[in-house]
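Chemist: Have a look at this prediction, sequence included:
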Amino acid sequence: MENREKAIVKVTLLGTIVNLFLTVIKLVSGVVGQSAAMVADGIHSLSDLISDGIVLCFVRISSKKNDRSHRYGHGKFETLATLIVSVILLIVAVKLMTSGITSVCQILEGAETPHPSWIAFAVAIISIVFKEFLYQITWRTGRKEGSPVVMANAWHHRTDAFSSIASAIGIGGAILLGEKWTLLDPLVGCAISIFIIVVAVKMALPALSELLEASLPEEEEKKITQIIESVEGVEDVHELKTRRNGPHVIIDVHVVMDPQITLVCAHDITIQVEEALRKNYGQLTQISIHAEPSTDAL
């Protein structure tokens, strides 16, 4: 668990440093280069900084061992962090959408708009490279350590990379096609916001589902049943209940055994069941097994 926390903190701190750098140069280049899309992109990077802070805070909490107030551990703090990161993305996206629509309406009404310059375009390209790099290493760390909030943060990096691609298209188009196409800049800002909304909702729904104690998918529960039934001495499985606790799984199940075996033998079978489940779902899987006698043999 300690190595897991160190790996997550390390990759998140790297993201924080890069995000701080990108936020500054995007906002400066957006103002100097007169690009609404780049300013919007800079605000998006600022939201990345906030999500990095949330990850660092909540992962430390979720890494704590079980205590009196949290018998099942603190894993759901990671799930809560995932939901918070998603909500931040959603708020930023809505803000960008309203700002973009306002700019488009003003242009259509004949208002003059600043013409974006090449400095904003250059910064967009730099951002694409940095953010895709951050996405790759953050996503790999999240998958390796089984951390949903780190994987959500990785997607936060990738949405920033995609928004920079959209910014580059909008800025480049406005520069190359002339002043009549300055409308392209806020339009791309709106397109960015739509993409961010979709990603935010996709991340938020599983996190919300987990916080509401949703069971694992049906296919996963079938797999768990098969694993248990493969243990010698297990005659049947029922009353299976599952849920996630952050990166870990909680399994409650009734296991049917021969009523003629000794208590020691029944205990050994439950130990084998636990070992088989932990082999598939990790050593920190929390398992509660209720042994029942087979009625057929009574």
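Modeler: Right, received. Where do you want to start? Numbering: from 1, shown residues only.
Chemist: counting residues per helix, which one in the protein is longest?
Modeler: If you go by DSSP state H, the chain has its longest helix at helix 76-108.
Chemist: Figure out how far that one is from the centre of its chain.
Modeler: Its chain's C-alpha centre and that of helix 76-108 lie 16 Å apart, by C-alpha atoms, centre = their mean, to the nearest Å.
Chemist: Any buried residues in stretch 215-223, and which?
Modeler: 216, 221 (16 or more other C-beta atoms under 10 Å). (Each C-beta comes from the backbone N, C-alpha and C, glycine too.)
Chemist: got a list of contacts for that stretch?
Modeler: Contact partners of stretch 215-223, identified using C-beta atoms under 8 Å, 6 or more residues apart in numbering, comprise 224, 240-244, 249, 280.
Chemist: contacting residues around the nearest residue in space to Ile137 that is not next to it in sequence?
Modeler: What sits nearest to Ile137 in space, not counting adjacent residues and going by C-beta to C-beta, 6 or more residues apart in numbering, is Val11, at 5.9 Å. By C-beta under 8 Å, 6+ apart, Val11 lies in contact with 137-138, 141, 150.
Chemist: tell me which residues in the helix or strand of the chain with the lowest mean pLDDT are buried?
Modeler: In the chain, no helix or strand scores lower on mean pLDDT, DSSP states H and E than helix 36-62, which sits at a mean of 75. Neighbour-count burial for helix 36-62, counted by 16+ other C-beta under 10 Å, picks out 36-49, 51-52, 54-56, 58-59, 62.
Chemist: looking at this, Leu240 is in a helix?
Modeler: No: read with DSSP: H, G, I helix; E, B strand; the rest coil, Leu240 is strand and lies in no helix.
Chemist: list the helices and strands the strand or helix carrying Ala291 packs on?
Modeler: Taking DSSP states H and E as the criterion, Ala291 maps to strand 286-293. The helices and strands touching strand 286-293, judged by 3 or more C-beta pairs under 8 Å, 6 or more residues apart in numbering; DSSP states H and E, are strand 248-257, helix 263-281.
Chemist: and it, which strands flank it?
Modeler: Take DSSP bridges as the rule and strand 286-293 pairs in its sheet with strand 248-257 (parallel).
Chemist: The partner strand vs helix 263-281, what angle?
Modeler: Inter-element angle recorded for strand 248-257 and helix 263-281: 140 degrees (by axes from the mean of the first three to the mean of the last three C-alpha atoms, to 10 degrees).
Chemist: Using CSV, list the CA coordinates for strand 248-257.
Modeler: Extracted in CSV, the C-alpha atoms of strand 248-257 (Å, rounded to 0.1, in the frame of the first residue of the first chain):
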residue,chain,number,x,y,z
HIS,A,248,-10.6,-2.9,-3.9
VAL,A,249,-13.5,-5.3,-4.0
ILE,A,250,-15.8,-6.5,-1.1
ILE,A,251,-17.4,-9.9,-1.4
ASP,A,252,-20.0,-11.4,1.0
VAL,A,253,-21.2,-14.9,0.1
HIS,A,254,-22.9,-18.1,1.5
VAL,A,255,-21.0,-21.3,0.6
VAL,A,256,-22.7,-24.6,0.9
MET,A,257,-20.7,-27.6,2.1
